[in-house]
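Novice: What would the 3D arrangement of this be:
(2 chains)
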Amino acid sequence: MSLRLTLRSSPDVPMEADCLSPQRLAGMSLQTIERLPVFYGNRQTALADFFAVTGQTGDVLQLEGDLSRIKHIGAGMTGGEIRIEGNAGAHLGAEMAGGTIVVSGNAGDWVGPEMRGGRIIVRGNAGHMAGSAYRGSSIGMHGGEIIIHGNAQNEVGHGMRSGLIAIGGNCGDFPGVNMLAGTVTIFGAAGIRAGAGMKRGTIVGMQPMEMLPTFSLSCTYHPPFLPLYLHHLRKLGLPVAESHFTTAYQRWCGDAVELNRGEILLPAPTS
Amino acid sequence: MQIGTTQIEDTFAEAFAMWGTRVLVTASSAEWALAAAQSMTGFATSVIGCKCEAGIERELGPAETPDGRPGTSVLLFAMDKASLAKRLVERIGQCVMTCPTTACFSGLNSEHGVSVGGKLRYFGDGYQISKKLADQRMWRIPVMDGEFLVQDRFGIQPAVGGGNLILCGVNNTVTVAAAAAAVSAMRSLADVALPFPGGVVRSGSKVGSRYKSLPASTNDAFCPTLKAVAAKSSIGADINCVLEIVIDGLTEAAVRSAMRVGMSAAARPGLATISAGNYGGNLGQYQIRLHSLVDGGVAP
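Specialist: Next up, the predicted model:
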């Protein structure tokens, strides 16, 4: 049995509902859950003003409706599962340490900022700053996985320290900016300035990228770790083709304005 | 008790508690994976002289390996956890990392683990790269053909070493053939390794020696040339060749299964007796009675 929250009326302004995680709701009665405070714009209101609450609490929390204005869903969660049938708002899974969030639609900006573990799967598109550090913070995602089947916008993995971000579609500018470690894989086209300021870490692009002049080509080879990631991502439903396993990759090292220990791997051009 | 015309002695193999692990070696081709595995399992016949015992378990198809390449499964055994950890680092570092195109993974899920890639990474001299996927940390060590990928920690588990069969034949030809057949049958089983050359040892040993510096010496009780002079010979007048098969396994059940299969495959006219080596039950933690295996029992 799971707890189901169905959005009855779409909020006109963003609502902050960091109470929406399996741990926060564990053991609560439906009446208690309905009375939980949420911030609707700048005023406090009750969860039941917007959601119909049914079922009973457990490891699975199901949310239904267009939740694109509901922020902080799953923030800080440590286990269990959130299934969102619809869209999700900003700060989805912020700083989460465990568990799984699955979004059937799109997600807003700041998917999994500074997350430490667990997995977020977005079947549609995601906004800016997926897996990033908050402004003023130097370290972004510390661990876990963010899997975006569609497109993502700017600054994916900003300041990322560990973990895996995979984007099935295109991404905006500055993917992996200021990366410290971890892996970002982009199956579609990437915007400009990939890996700007990265110290360590890996960006794998399956489409040609415009390289910054502070990146240098080291070699063309078959990275032995890459098949493990490709098998993993294929199991998660990303568009991994046989050619991704067989092709050779160029290894670009950078960013030379920083530590120069990062890398961008790109399929070698076929002559 | 007999299998066909072969007499099964009423005795037991005395086996020892060891620690074991499974190592998966992959490469761009089955040949390179096998080359690394053969190197890794070389000079690993007996803990007495080699500090560990190892053998190739089987070859692996691409669908069976973590990176989807051909591979070979190796079993390695040592007397304790610390020794096993050292041997893994030595042998993977010297025999697998050195072999073109290889990568190396733990093949054992266990609550016990030892650092391997975590130590070998220093060969990268600061250029090594850590990758963590699904709670498994890997190390990418730059080498001259690209990168050597090795898992950070390898699972290890309590194991059983020193299961054995002693095959006593009327001549060299039939005894060698019986041993080869037994080895072939035993190698079809999982979780066991036969660490000696071709799975067979002719220089079986006893504990101690008249020379103080030697911890072990020839097993004179089973040497046909000493029947007339040894203080106590264990072989009959018709025996002119004796070969031993030593079995190490990840579990006692695996060792018992291998011994049972080996006896069935070895038994034939001319192989007069199948015996087993023991120390009177004073040294090993396991006693595997041959008759319990012939009866079909493989339970511990």
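Novice: Pull out the buried positions in stretch B:108-119.
Specialist: B:L108, B:S110, B:G113, B:V114, B:V116, B:G117, B:G118, B:K119 (16 or more other Cβ atoms under 10 Å in any protein chain shown). C-beta coordinates here come from the backbone N, C-alpha and C atoms, glycine included.
Novice: That one near chain A anywhere?
Specialist: No: judged by Cβ under 8 Å from any Cβ of the partner chain, stretch B:108-119 and chain A are separated, with a smallest distance of 11.6 Å.
Novice: And for that stretch, what's in contact with it?
Specialist: With contacts defined as Cβ atoms under 8 Å, 6 or more residues apart in numbering or on different chains, stretch B:108-119 is touched by B:19, B:21-22, B:81, B:84-85, B:88-89, B:92, B:104, B:106, B:137-139, B:150-157, B:250.
Novice: and stretch A:30-39, C-alpha only, in CSV?
Specialist: The C-alpha trace of stretch A:30-39 is given here as CSV (Å, rounded to 0.1, in the frame of the first residue of the first chain):
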residue,chain,number,x,y,z
LEU,A,30,-4.1,10.9,6.6
GLN,A,31,-5.5,13.7,8.8
THR,A,32,-2.1,14.7,10.0
ILE,A,33,-0.7,14.7,6.5
GLU,A,34,-3.6,16.9,5.3
ARG,A,35,-2.8,19.5,7.9
LEU,A,36,0.9,19.6,7.2
PRO,A,37,2.0,23.2,6.5
VAL,A,38,3.3,24.2,3.1
PHE,A,39,4.3,27.6,1.9
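Novice: just the strands in the stretch 151-300 of chain B please.
Specialist: With DSSP state E, counting those that start in this stretch as the definition, the stretch 151-300 of chain B shows strands at residue ranges B:153-169, B:192-193, B:205-207, B:216-218, B:241-249, B:271-275, B:286-289.
Novice: hang on, isn't A:L30 packed against A:V53?
Specialist: Yes: in this structure, A:L30 is within contact of A:V53 by Cβ atoms under 8 Å, at 5.1 Å.
Novice: okay, those two: which has more neighbours?
Specialist: A:V53 (20 against 14; other Cβ atoms under 10 Å in any protein chain shown).
Novice: In this structure the more buried one contacts A:S2, no?
Specialist: No: the pair A:V53 and A:S2 fails to qualify as a contact (Cβ under 8 Å) at a distance of 11.8 Å.
Novice: Where does the prediction get shaky in chain B?
Specialist: Chain B contains residues with pLDDT under 70 at B:295-300.
Novice: which residue does it bring closest to chain A?
Specialist: B:L149 (4.1 Å; Cβ to the nearest Cβ).
Novice: Now tell me what touches the helix or strand harbouring that residue from outside.
Specialist: Per DSSP states H and E, B:L149 falls inside strand B:146-151. With contact meaning Cβ under 8 Å, 6+ apart, strand B:146-151 is reached by A:219, A:221-225, B:67, B:92, B:96-97, B:101-106, B:116-117, B:120-121, B:136-141.
Novice: What strands flank that strand, and is each parallel or antiparallel?
Specialist: strand B:103-106 (parallel), strand B:136-143 (antiparallel) (DSSP bridges).
Novice: Please spell out which residues along that strand are buried.
Specialist: Applying 16+ other Cβ under 10 Å to strand B:146-151 flags B:G146, B:E147, B:F148, B:L149, B:V150, B:Q151 as buried.
Novice: Can I get that strand in PDB, CA atoms only?
Specialist: The C-alpha atoms that make up strand B:146-151 are tabulated as PDB, following Å, rounded to 0.1, in the frame of the first residue of the first chain:
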ATOM      1  CA  GLY B 146      45.600   3.100 -22.600                       C
ATOM      2  CA  GLU B 147      44.200   2.400 -19.200                       C
ATOM      3  CA  PHE B 148      44.100  -0.500 -16.800                       C
ATOM      4  CA  LEU B 149      40.800  -0.700 -15.100                       C
ATOM      5  CA  VAL B 150      40.700  -2.400 -11.700                       C
ATOM      6  CA  GLN B 151      38.100  -2.700  -9.000                       C
END
